[in-house]
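Novice: Task: produce atomic coordinates for the following.
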Amino acid sequence: MATGKKYDYRIIESNGRWRAELTRRATARKTLVSKAQDGFASEEEASVWAQAELKALLANVRARQDAKK
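Specialist: Numbering: from 1, shown residues only. The predicted structure follows:
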């Protein structure tokens, strides 16, 4: 069984502006963007936003999984 992360984030730089994307692995070859925001002035700002949103997303996923049990 694979041990990769299903949810992650990536930071992309374009024209001096930074974009943060929360990603989800749909299949072994396909990655979907769950949430994105751009216009950050620095990579650090984008990273802080992405980490906070990822934490909230994972908490929501765990709550839904627990509700199904």
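Novice: Mind pulling up the pLDDT for the most centrally placed residue in the chain?
Specialist: When the chain is reduced to its mean C-alpha position, the nearest residue by C-alpha atoms, centre = their mean turns out to be residue 22, at 2.0 Å. We have a pLDDT of 96 for residue 22.
Novice: That one contacts residue 11, doesn't it?
Specialist: No - if you go by C-beta atoms under 8 Å, residue 22 and residue 11 don't touch, sitting 11.1 Å apart. For glycine as for every other residue, the C-beta is placed from the backbone atoms N, C-alpha and C.
Novice: Return every residue with contacts to both of these two.
Specialist: When contacts are counted by C-beta atoms under 8 Å, 6 or more residues apart in numbering, residue 22 and residue 11 have residue 50 as shared neighbours.
Novice: returning to that earlier point: residues touching the residue nearest to the centre of the chain, list them.
Specialist: Residue 22 makes contact with 7, 8, 9, 33, 34, 35, 36, 50, 53, 54, 57 under the criterion C-beta under 8 Å, 6+ apart.
Novice: got a list of contacts for the strand or helix carrying the fourth one?
Specialist: Taking DSSP states H and E as the criterion, residue 33 maps to strand 31-40. By C-beta under 8 Å, 6+ apart, the residues outside strand 31-40 that reach it are 7, 14, 17-26, 46, 49, 53, 57.
Novice: in that strand, what counts as buried?
Specialist: Going by neighbour count (16 or more other C-beta atoms under 10 Å), the buried part of strand 31-40 is residue 40.
Novice: returning to what we had before: and the residue nearest to the centre of the chain, which of the three is it?
Specialist: Reducing the assignment at residue 22 to three states with DSSP: H, G, I helix; E, B strand; the rest coil gives strand.
Novice: Please shift the residue numbers so they start at 7 in all later answers.
Specialist: With 7 as the first residue, the last one maps to residue 28.
Novice: Dig out what it forms beta bridges with.
Specialist: residue 15, residue 41 (DSSP bridges).
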